[in-house]
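Peer 1: Coordinates for the following, if possible.
(2 chains, ligands or ions: 2)
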Amino acid sequence: MTEIKIEMKSISKIFETDDVETHALKDVDIVIRAGEYVSIAGPSGCGKSTLLSLLGLLDMSSSGSYSIEGVDVSALSLDDAAAIRNEKIGFVFQSFNLIDELSVFDNVALPLQYKKELPTDEFIKERVETCLKMVEMSHRADHKPNQLSGGQQQRIAIARALVADPAILLVDEPTGNLDSQSGDTVMAVLAELNKNGTTICMVTHDARYADMANIQLRLLDGQIVKDEPLMVAV
Amino acid sequence: MRKLILRHNQAWASLKKKPGFILTVLLTMGITLGALLCVVTLNYLLLVEPLPYPEQDRLFVAEHKLIGPEKETKAIAFTYPGLVHLYKSKEAFEKASIMAYSQDVIVSHPSQPLVNTAYVTPELHQILASPMAMGRMFEASEAMDTNNPVAMLSYNTWKKEFSGSADILEQKINLSGISYRIIGVLAENFVEAELDGIGRETQVWMPWDYNQTGERGRQSFGNISGTLNFLGQLKEGVSQSQAQQLLSPLVSDRWQEGVIEMDFFKGWSVVMLVTPVKEVMLGDSESIAVMLLAGVMGLVLIACANISNLFMARTAEKQRQMAIQAAIGATKKHLFQAMLAETGLLMFMSIILALVLAQIGFFVMQEHFEQILPRVNELSFNPITFGSAVLVTVVFALFFAKLSTWMVDYRSLNTTLQSSGKGSGLQVSKKVRQVLIASQVALATVLVFANFSLLKDAVKTINAPIGFTTTNISTLVLNFASTDFPTQEERLPIMAEIKEKLEALPQVESISQSPSPLDGWGVRALTDVVSKERYTPFLNGVSHTYFGMIKQPLVQGDNFTLVDRQDRNNVMIVNQSFAKQLKADGDVIGMKISVGGPDPFKIIGIVKDIAIPNATPTGSDNADAGVPRVYTPNGLGSQRFMVKVKPGMSVSREQLGKLLSDVDSRYSVYSFDAADDILTKSLFVEITTAVTTAVLASLVFLLAGIGLYGILSYGTQLRRFELGARMAIGATRKHLVSMIISDNTKAVLIGFVGSVVLFALAYIGLSEYIQPFLNWQVLPMIVATIVLIMLVTLFACYWPLRQYINKPAIFSLRGSD
Ligand SMILES: Nc1ncnc2c1ncn2[C@@H]1O[C@H](COP(=O)(O)OP(=O)(O)O)[C@@H](O)[C@H]1O
Ligand SMILES: [Mg+2]
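Peer 2: Ligands and ions are numbered 1, 2, ... in the order given. Predicted coordinates for the structure are as follows:
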């Protein structure tokens, strides 16, 4: 049996705003193993982003347990969560979230800068170049993000997510802000990465792209409705 | 016109949604512009506005300057006969008046108040064209040597002491046993030419003949008095220097004749100083006014920077709305006009507040700065105030509107719409923000430092040890209200009885028949009998219990005894400063000093120096030099007492008045003041300076704090998504705090450098003022200033950040999708 990367057990998330309680997630169980490509689909407002932010430790669940590579991460302090994010998780956002003032190279290198032990300059250079190569953006290392197209920016964001060699890549609607051609390129990059062994969990409501994953989950009103492996991971 | 109203209605509707913004602008601009209007009006009044006297360009004050054998200035003060001689000579001046200032008790008044008095010749009020509320001013019937006992009251005295009584002109008042018929009350808008100190208002005016100089003093060319003054209107065509040249020999020759028999004045001479009356009245208040103006300008600049931040932040916020307006056809000019409607409205409200605050400021200055600044009583709104108000409103409204629209790149407004208002759009560029931070820091550093320096000097004087105790001690000075003065012989039993009765009061711990160290000093000309060297120390006649009561230590020799006082022995105690002057090693016990009479005084003791605030040796204004002082035993007929009450107890003026009149009905209380109060009064300028600078420093600090906070928190707000992204990829709180701090450090450092540049510029322009401040003592000030500014900056870095970094990362990221 392949290694379990991520395991969520009966995770719930309740938002309380102005006396209104929203049950964004109800008793969600998820297991993601090494090398899997999981997609989460569902209508708008069903809880996809919420689930992804819990997976990425950007937010804390209301109840339930969560472990990454066997380590319990259900109740971490803000700084411990930051350390885990840095080490184990690569996040790709719908809106890229690159930092305008930094060059492409510096954007990609940023996660390494937040490591507990700062890697050497050579290591950083080498690692950033490798990652840029993986997304085919080596030639734009010195540009500023706003000099690039949306698709290119998203590929930089993917490179940044990969740079610290995370346990899993979490991707939230990566094509939401892109035209279909750029979207296709980005999806191709992700597929290629997965082929080379990167574990990916992606949120999308585009059925075409969901099909590219080997495990497809459907979320409806905060609950998983279908969990059917189409293919057994290699 | 309808368009204009419409625009303003829209502006108001849009502003109304931001009460916090309105309030900040209103308070910041209202307070600083209020201060500006206040100080501008003051500066105009002091520097430009003519005095309310006719022919004021020809009004001059003549002063009598005594010059020692080494051409050094000995004193600037008239001798009585010298002044009268000058007055009678009618040289150089078309009209001239002489005045003697004093204080006296109105004994006929039920509460026997001590009032400021002036004995003047009738020309004074003619020259000043003094407006009268009632009755008449002095005329030829009150000229010199007419001995006509009449008096005029100031408007305030009439109102306060005589409750504005309508039949005041039928009343008489008694001062020092002389009954004066009141012939006039000066008008409320009369502006006194205050020559005897800023803020000293004459309450009762009497003819020159009744001035309190004794018969001997009226003849003596060897006595000078600071209370004698001369004011006149120069003859047409006579210049200031011509007058000086004309008068100097006239006065000097007569003086030399008068002192021919006094060895002490050998080699001395006199010159006349003729100074415009305005200059004398203003003293060095011009520099205070200019400094206030500079300080307030600094405040306005800081406030301006703050408000610029706010307007830029607001524009950034409104970009979408502007884009929509542009899309439906608004031109650049339209956008500017809309912005101008907003800034104009805000500035209009601010200036209204500023005018109200300026009025309050006038009132506060009149209440508290009367002793420091001349002419504050004349402070009121004038065309200059309103003119500056209008100018400031227009300039700032245009400036802020221009600034706001300048930020907007009109052509790129469309892209703003297309990019759906996401994170990066129209923002205040990082560079502009850094410039703002740097200028805030630079201004704040300069102002805080300047205020600190002033504050330090004031506090130093306030806290300087005085070298004697004032606790529970009050000074009682008796008033004698009759013209038939008792002889020294007759006085002895009266004073003995008064002293006994005072000691018997249950509240009283002890009595010393002595003036207080805070008053009674006179400058005396002394000669060392052996070396014939001449000195002018301060002298006071004191009782044998004086040093004990005020706890001034005797460091060598003996104290006076009761016998010394009874027998009027020629013995003397000197302080250490005078001992040093007499002899380098200070060992002066046994030395013989002549005070002018036939028998010299023998020095029997040396006491420690005392430091009365602001006292300087005669002929010097070095505040750090020790003041030479000499003490002789006073007679038992002395009419001054120090009263030490038991802790927590007090004696009233009324009680003392009753005690005195029981002993002898001719005696009443002249003054009865706690030594602490006198001390506080003498520190008035320092205390006011300390309070003013402390308030200014805090205000600067507050404004700079608000400004830095505003710009830094706006900067942080702009970086919200960036912060979120950084958190998502693993930045801890420490990473982010240190990132924000180091990002802003550069601007802060540039600000510090900028403040050094500002100082350098100020130094080039004002080196004479700044030079004295330049010593190693400013180092702690510099450190304190920098630390304070850095603390504010750190706070302003951290505080806006905490709302993002102390929550899960998703909070900062939300809304970015
Ligand atoms: N911070 C929040 N406060 C309150 N409700 C929230 C918050 N975030 C998300 N929700 C609610 O949770 C539900 C799921 O939201 P989300 O995960 O963003 O949906 P999706 O990404 O699938 O469109 C929605 O009903 C949304 O309104
Ligand atoms: Mg979503």
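Peer 1: residues touching the residue of the stretch 701-817 of chain B found nearest ligand 1, list them.
Peer 2: Relative to ligand 1, the nearest point of the stretch 701-817 of chain B is residue B:814 (6.1 Å; Cβ to the nearest ligand atom). C-betas here are computed from N, CA, C, even on glycine. Neighbour list for residue B:814: residue B:724 [criterion: Cβ atoms under 8 Å, 6 or more residues apart in numbering or on different chains].
Peer 1: wait, what's in contact with residue A:124?
Peer 2: Applying Cβ under 8 Å, 6+ apart to residue A:124 gives the contacts A:109, A:112.
Peer 1: Surely it forms part of a helix?
Peer 2: Yes - counting by DSSP: H, G, I helix; E, B strand; the rest coil, residue A:124 falls inside a helix.
Peer 1: those helices in the stretch 101-250 of chain B, which residues are they?
Peer 2: Taking DSSP state H, counting those that start in this stretch to define them, one finds helices in the stretch 101-250 of chain B at B:123-128, B:155-161, B:215-219, B:240-258.
Peer 1: swap in chain A?
Peer 2: With helices called from DSSP state H, chain A shows them at A:48-55, A:78-88, A:104-113, A:121-134, A:150-162, A:180-195, A:207-210.
Peer 1: Tell me the helices and strands packed up against the first one.
Peer 2: Packing partners of helix A:48-55 (3 or more Cβ pairs under 8 Å, 6 or more residues apart in numbering or on different chains; DSSP states H and E): strand A:4-17, strand A:20-33, strand A:37-41, strand A:168-172, strand A:200-203.
Peer 1: Turn the ones you listed into TSV, including mean neighbour count.
Peer 2: Formatted as TSV, these follow (neighbours: other Cβ atoms under 10 Å in any protein chain shown):
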stretch	mean neighbour count
strand A:4-17	16
strand A:20-33	17
strand A:37-41	24
strand A:168-172	25
strand A:200-203	26
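Peer 1: among the ones you listed, which is nearest residue B:656?
Peer 2: For residue B:656, the closest of these is strand A:4-17, at 75.4 Å, according to Cβ to Cβ.
Peer 1: hmm, who's touching the closest one?
Peer 2: With Cβ under 8 Å, 6+ apart, strand A:4-17 has contacts from A:21-34, A:36, A:47, A:50-51, A:54-55, A:59, A:61-70, A:167-168, A:199, A:201, A:222.
Peer 1: could the helices and strands packed on helix A:48-55 be laid out in CSV, adding distance to residue B:484 and mean pLDDT?
Peer 2: Rendered in CSV, the data for the helices and strands packed on helix A:48-55 read as follows (distance: least, Cβ to Cβ, whole Å; pLDDT from 0 to 100):
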stretch, distance to residue B:484, mean pLDDT
strand A:4-17, 95, 91
strand A:20-33, 98, 92
strand A:37-41, 115, 92
strand A:168-172, 108, 92
strand A:200-203, 112, 93
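Peer 1: which one of those strands lies closest to residue B:206?
Peer 2: strand A:4-17 (82.6 Å).
Peer 1: which ones are touching the residue lying closest to residue A:13 once chain neighbours are set aside?
Peer 2: The shortest distance from residue A:13 to any non-neighbouring residue, by Cβ to Cβ, 6 or more residues apart in numbering or on different chains, is to residue A:25 (4.2 Å). Contact partners of residue A:25, counting by Cβ under 8 Å, 6+ apart, are A:11, A:12, A:13, A:47, A:50, A:51, A:54, A:61, A:222, A:223.
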